Structures are given as structure tokens and as C-alpha cells.
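In: okay, here's the prediction I keep looking at, along with the sequence it came from:
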Amino acid sequence: MNTSPRKLNLDEWDGRYEQLRRDGLREPGYGGPLRRHVVRENDFRLEQLQFDSSPASLRLWNFLLTENERLRQARANGDKIVGTMKDLGTVPVMAYALPGVRAFYPDGAWWTPCLMECSDRLLQQAEAMGIDASFCPVRAMLPAFENGEHFPKPDLLVCSTGAVCDDFSAIAQRLEHRGHPIFWWEIPRRRQPASGELACALPGNLAAPTIQVDCVRAELQRIGNALGELAGRTLDDGGLAAGIRTANQVRRLLDTLRRTVYSAPAAPLPALEMLVAEMLAIHFCSDREETVAVLEDLLAEVQSRVRQNQFVIGADAVRIFWVNPVADLRAMNLLEELGGRICGSDYMFTHALDLIPENLPPLEALARTALADPMVGPTADRAARIVRECQAGRAEALVVSRIPGASHCAREGEIILEIVRREIGIPAIELEIPPVCDAMLATLGSRLQALVEIARSKNKAKS
Amino acid sequence: MDVFLTSPWIPAEWVRAHGLQPRGIWSAENFQPGTWPLSAGVCAFAEATVRFAEALTDSAVIFPTACDQLRRGFDAVILRGQRRIFLFNLPATWQTASAGQIFRSELERLGQFLLAIGGRSPSPEVLRQEMVQSGGRRKQLLESAPASSPRGLAEAVARFHWDGAFSPPPLAAPANQIPLALVGGPFLAPHWKLLDEIEAAGGRVALNATETGERSLCPAFELDAAPGNPFDVLVQGCFDNIVDVFQRPNTRLYSWLKPRLASRHVRGIVLWHFTGCDLWRAEAQTLRETFGLPVLLLEAGGEPGAAPRELNRLQAFVETLR
């Protein structure tokens, strides 16, 4: 059997899994063949995807796809469940600092229609609840809350508001109206400090006026009080500092993984697995300790492949920087099928990848991290980071992936494209990817192909 | 210098006290939503604001952060090099001291901006005078609203937002029409024809709760109770009286609507929104569920009044309420 790194479809993974088992594969409690997620959970999309062939990637996928099951088990074991919405990375650090508390993002339900190929009918149910297809696929969380068939109903629901997407805010408001009380907290739109104004440095080479940081810190204190009340114990600075250290352990692992994969001469891990791995940063897929183990495994696999010059995508692939997460995971496969590879990414939560300062009072550090969210600041700030990372990753092209119905996508894509073209002059396109993109594959494919060809021809002209 | 405001929650009094002329952008002659080609998902109102701000040479535009579209519209205008624009951070929450503090500090920051573009530092007396005057006119408009002709009221409110003046709206002609509420985002002069079309269909807008209607007159100043610095009263009088869909939770909007819908015997709600406005569109079902009234969504188009298809829907809506 061929054991060199490669991409496998689900049928091929069945055989691969049997072989691994025969060879003595040891798995965590949530382990098992990928196929079972199709059979038991109706995750039909897996049948259309290409996966990395390593046991580390198998563990990653099983970790991701068992999240709801693990959350239910945690609830049964007496843990408190916090649904945290929109801030993508900050509140979970606080929640996991309390023993017996787990946080997850109901926002993650936006991938359910993709995974289940809409067989769950969540999008149709959302429409019946007044939120139609003109809204982002995150509307899937609305019926998911009500039917209880996906994630458990949280004991506390926290949502950031202010400088957030309109569609998300509107859906969350609808959720509250339907009887799910929400703890709203304000995240102001980040701005540049004025001349002479007191300012703070933020992660990601950003800055904000001290008054904004103070506001967010006060909001996080309110959340901390609510979490403490839920847990029956005070969330103190010692606990928070320990929580930040563990979050940073995850962030360091991801940083090493990203740098190793994105800077390698060819891709040692496919784009899809990298997307899933990066997502672990935002709420540790409901298990902080296991996230560390999953990432350590993945990193070891990648480092070993790089040492042995083993890659899953050829060195001739065009290096592409990707902006925004894709509503259909299939798109990440498609990019590679057409001759591209990811050399950098901004999946809307770069602030969850940056280290949280450990030399500041914990709430201050978290407030600065929350304000560094690329989605709450000026689009030009986000674009500036993209430019820097394109340069660092030697990107040859850029893709801005539009999320259907997302309010931020209406305008930010053109701003990012304009800045990237002006600053570094690489070819760039915007694509809209629906939750199941099969009907659009030809269009998406031809646009991606054109991008790859233009990037290649520019390279040839240079050389 | 004219300073164009794109939200009724940014106090015109503060601009006027700086010696500058506040103008509600809704009434500007060359403000033309619906006439530009739109990228997918872009709100026509936000696009018109962007185009308007980009073209200005001798005025300023104040954007609010109340929605993603205007927030990012501001980003687009900055990218084109326009510097006489300001993004006012309107907090979405309203129950906490820190939200009030944001609003206060934004007003102070706006003051700095107004000074930088040629305004003068306002004395407490001047500010107080502006607040007394505008507060009185708001009150007059609000008191006259229930008995006014819908179009007359729309014109009077627009006039107030344009130059701060009060022109008494004409009384509504008594007729046996079905009382409706018009709820939603900005309702501009080219759209006023819709009010006539509603009347022609047998209805009447008994409550104009759009962003440019009665709802926009909510700020109120209790100057007598606070003889000190009028700035504190300005902050409180504005922040405590914001009634809008972007607030979280947006219960203030519903609390404001409830007694008015009841007292004016409203039998149906027309939800007025621009394409791409998620915040208003998402409220349709909640409005139905909360008030038990039928709701008709009407989309702002490029032409005056309602587009033929929309007009047809409107007529059918009123007919079903007979």
C-alpha cells in the first residue's frame, strides 16, 4: 500500500483506515473511520472531499466532526456550556479559564448545511423563521438552536455587538426574540488613535485609543462576572492568566504549523486541513487540552514530511493567499485541483492567531486582543496585514472569498483587492462560494483557473 | 460650512453650536440613492452616501457606525483620499455605563473634528441656546404628528433636519382610510410619493416610524433639571433616546412603537428598507409576532414612490385590510 502523503477520497480512506488499524493505530475516544460521520450524522459532503492521508489529519477531522457529541457528553458530565457568538476567539479564552465550563461558537452551524449537503434543511427552516437566503449561511444557527439536533442549548449565550456584521447581528437579535436570552457586549469599531490621544499597542501591529480598550475591558469584566456566576466561582486574574497561557500554547503551535506549511517549497498539508486546524484557535473545538494534542500531532507530521521532502501538492503550484472562510469546504480542494496552493490566509480571525500579551493584566490583554479583530477595524487595516502576509508568504495571487449574504462582503472585497493590487500588484479575484457549490463548480473553477494561469504567466514573464 | 449628518442620532445641535451648518443628508438635492450601479449586496443608501461624500469639496460628511454598510462605506471614501469625513461610533448597546461613555467621547471627538474643519469652540450658552431651540421644535413636530397629513409631516421633518426650522405640517384631511405604520430606514423626498400612493390605495400612514420620520425626533433635553454644563444634557438627551433597529437588544424600538401603534389604531405595518439592509429586513417576522399585525416589506427603488410591482403589492395589502 502506498503510504506516502497524498490526498484520499472517502472510499480510499476506508481502506486506509483498515490498514492503519491493522498496523496498530491508536486513537482517542472520539476516533474512528471517517465514513461513520456520513452514516451516523449525514455529513454527506465528506463523500465529495479529498482528505490528507495521515493519521494526524484523521484525528483532526474526527475531532472536528465529533464536537457536538463531545459537547453533549460534557453537559452530561455536569459541565456548563457557554455559547459565544461573533467575537471569534476572545470570550472562549475566558470561559475555559474556569473549570467545568466549555465554550463553543453556535456560529459554526454555518458549515452544517455544507457538511450535510442541505439535507438538514436548516436554511429552509431559517427562512420560515423570517431569515431568508439574502442573509449569510450563519442563519443555519437559528433553527439549530430551536431543534436541538446539532449542539446542546447553552447555559449562557454571549454575543458581541457594535462593529459586527449586520446579518449576524440581525440573526442573533431574531434568536433572542425567539426566547434565547443573549448577553450582549459592545465591541466598538476600532479606529486609529488621534494625534496626542492616549493609545495602546494591540496584537497584529495595530493600535487603538486607550478609551476604546478601557471600554472593551469593562465589557469583558461584565462577561467575566457572568461566567463566574455560571461556574459558581470567581474568574480571577490568576485563572485568566493561566487560560491565556494555554491559549497562547495553541496559538504558538498554530503559528509554527502555518509557517512550516506556508513557507515549505511545496505544500506538506492540504489547504482544507489547514483551514480546519486554524479554526481550532477560536474555541479549541470545545476541548482545549485535546486541541493542543491534535495540533502537536499535525505539526509533527508536517515537520516529518518537510524533512523527508514529502508533499501533497507539487512545487509548481501557484502560491495563493486566501481571504475569508469558504461556505463550502469543497472549494479548498478545488483550488488545489486547479494548480494552486495556499501560502497564507485570513479567515476572519487573525486576532485569534496572534499571541495574547502575557505581560499585561489579563483582562487588559484580552481587551486588546478583541479589538485587534480584523472585522471590527478599518478594512484598510485588514488589507495592510494581508499585504504584509502576502509578501512574507511570497504570494503570487490572492482570492477574496465572498460569503453569500454577508454584509461585510458587500464592500470589503473591492477595498482589499484595490489595496493589494496597488501595493504588490499580484493578480486577485473575488469569488462567491455558496454552502454547496456543486452547481457553481464550473464557474468557480474557470475563475480560479484564470487566476492561476495569469499568475503563472506573470511568473514566466519575470523569469 | 455644511456638515452632512447621515444619522438622526448624531446631534445637529452640537454641529450648529460649533458655528457650522448641520444638514440631514436625506434632504440634500444631489443625494441620489437608487441611481448608481450596485455591486451585489451593497445598500443603495450606503452607496449614495459614499458617492455623495466622494464628490464633496467644501463640506463634510459624518458617517455612523450603526450598520456595516455605512461603516465600510466610510472605509471606501477614505481610500479615495477624501479627508473631510468622520466616522461616529454609535454604540449598539445602551444599558451600560461604558456604552454611554463611548457616545460621550465620540461627541467630544466630533467636536475636535469640527474645530479642525473650521468650526469654533462652542460656549455652554451657545450650546444651551441651540438645544433649547431644537428641543422646542422637535417637541412641536412630535405634538403635531398624530393629526398631520403624512406627506406634510414628512416634509416638515425633512425641513427640520435640513436647516433646523419648524414649519407646521398641514392637518390630515378627515377620511375613512386604513391607518398604517411606515417603519424602517431612511425615507427620502423621492419616496414621499409613496405616501400619496398609499392614500390612493385607501390607506393612510398614521405613524411614520422611518429613520426620517417621527422616530428621528426622539432626542429630548431636560435642560431645566440640569442647570450645569449643557453638554452633559446633550449626551444624555441623545444617547438615552436613540430608538433604532441596530441597538442590541432592540427592545427600545419595540417599546417606542407599541403605544403609538395602539393609540393610532394602526392595522398594518409597511416595512420600508433599502436592498441589502439586513438589519431592517430581519425585523419583519418579529414585528408580525410582536404586534400581531400584517407586515408588508417594501424595498426602496430608484424611482419616486413605489415601483409598479411594489405598488401592486401595496394596493393588495391595503385591500386585504379593508
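Out: Looks like it arrived, so ask away.
In: alpha carbons only for contacts and neighbour counts from here, please
Out: OK.
In: ok, and what's touching the worst-scoring helix or strand of chain A on mean pLDDT?
Out: Within chain A, confidence by mean pLDDT, DSSP states H and E is lowest for helix A:441-462 among all helices and strands, at a mean of 92. In this structure, residues lying in contact with helix A:441-462 by C-alpha atoms under 8 Å, 6 or more residues apart in numbering or on different chains are A:318, A:334-335, A:338-340, A:396-397, A:426-429, A:431, A:433.
In: mind listing which of those residues are in strands?
Out: Taking DSSP state E, the ones among the contacts of helix A:441-462 that sit in strands are A:V318, A:G340, A:A397, A:A428, A:I429, A:L431.
In: export the least confident helix or strand of chain A as CSV, just CAs?
Out: Output in CSV follows, covering the C-alpha atoms of helix A:441-462 (Å, rounded to 0.1, in the frame of the first residue of the first chain):
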residue,chain,number,x,y,z
LEU,A,441,-18.1,24.4,-9.8
ALA,A,442,-17.6,25.2,-13.5
THR,A,443,-17.8,28.9,-12.9
LEU,A,444,-15.7,28.9,-9.8
GLY,A,445,-13.2,26.6,-11.5
SER,A,446,-12.8,28.7,-14.5
ARG,A,447,-12.3,31.8,-12.5
LEU,A,448,-9.7,30.1,-10.3
GLN,A,449,-8.1,28.6,-13.4
ALA,A,450,-7.8,32.0,-14.9
LEU,A,451,-6.2,33.3,-11.8
VAL,A,452,-3.7,30.5,-11.7
GLU,A,453,-2.8,30.9,-15.4
ILE,A,454,-2.4,34.7,-15.0
ALA,A,455,-0.1,34.2,-12.0
ARG,A,456,1.9,31.6,-13.9
SER,A,457,2.3,33.8,-16.9
LYS,A,458,3.4,36.7,-14.8
ASN,A,459,6.0,34.4,-13.2
LYS,A,460,7.2,33.4,-16.6
ALA,A,461,7.4,37.0,-17.7
LYS,A,462,9.5,37.8,-14.6
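In: could you check the angle it makes with strand A:428-432?
Out: 170 degrees (axes from the mean of the first three to the mean of the last three C-alpha atoms, to 10 degrees).
In: list the buried residues in helix A:441-462.
Out: A:L444, A:G445, A:L448, A:Q449, A:L451, A:V452, A:E453, A:I454, A:A455, A:R456 (16 or more other C-alpha atoms under 10 Å in any protein chain shown).
In: which residues in the stretch 301-450 of chain A form strands?
Out: Assigned by DSSP state E, counting those that start in this stretch, the strands in the stretch 301-450 of chain A fall at A:318-323, A:340-346, A:397-402, A:428-432.
In: and A:N248, which of those is closest to it?
Out: strand A:340-346 (18.5 Å; C-alpha to C-alpha).
In: next to chain A, which bits of the stretch 51-200 of chain B? Give me the list.
Out: B:65-69, B:72-73, B:75-76, B:79, B:89-93, B:98-99, B:101-102 (C-alpha under 8 Å from any C-alpha of the partner chain).
In: how near is the spatially most central residue of chain A to A:L254?
Out: Among the residues of chain A, the one closest to the centroid is A:M279, at 3.2 Å (C-alpha atoms, centre = their mean). Taking C-alpha to C-alpha, to the nearest Å as the measure, A:M279 falls 10 Å from A:L254.
In: mean pLDDT for the strands of the stretch 301-450 of chain A - can I get that in JSON lines?
Out: Converted to JSON lines, these look like this (pLDDT from 0 to 100):
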{"stretch": "strand A:318-323", "mean pLDDT": "98"}
{"stretch": "strand A:340-346", "mean pLDDT": "98"}
{"stretch": "strand A:397-402", "mean pLDDT": "97"}
{"stretch": "strand A:428-432", "mean pLDDT": "95"}
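In: which parts of chain B are strands?
Out: Secondary structure of chain B (DSSP E): strands at B:2-5, B:21-24, B:60-64, B:85-88, B:178-184, B:203-209, B:268-274, B:295-300.
In: so what touches the second one?
Out: So the one you mean is strand B:21-24. The contact list for strand B:21-24, computed with C-alpha under 8 Å, 6+ apart, reads B:1-8, B:12-13, B:15-16, B:158, B:161-163.
In: now a PyMOL select for only the buried ones of the residues you listed.
Out: Buried residues within these, by 16+ other C-alpha under 10 Å, are selected in PyMOL with:
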select buried, chain B and resi 3+4+5+6+7+8+12+13+15+16+158+161+162
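In: which one of the contacts of strand B:21-24 is nearest to A:Y30?
Out: Using C-alpha to C-alpha, B:S7 is the member of the contacts of strand B:21-24 that sits closest to A:Y30, with 52.0 Å.
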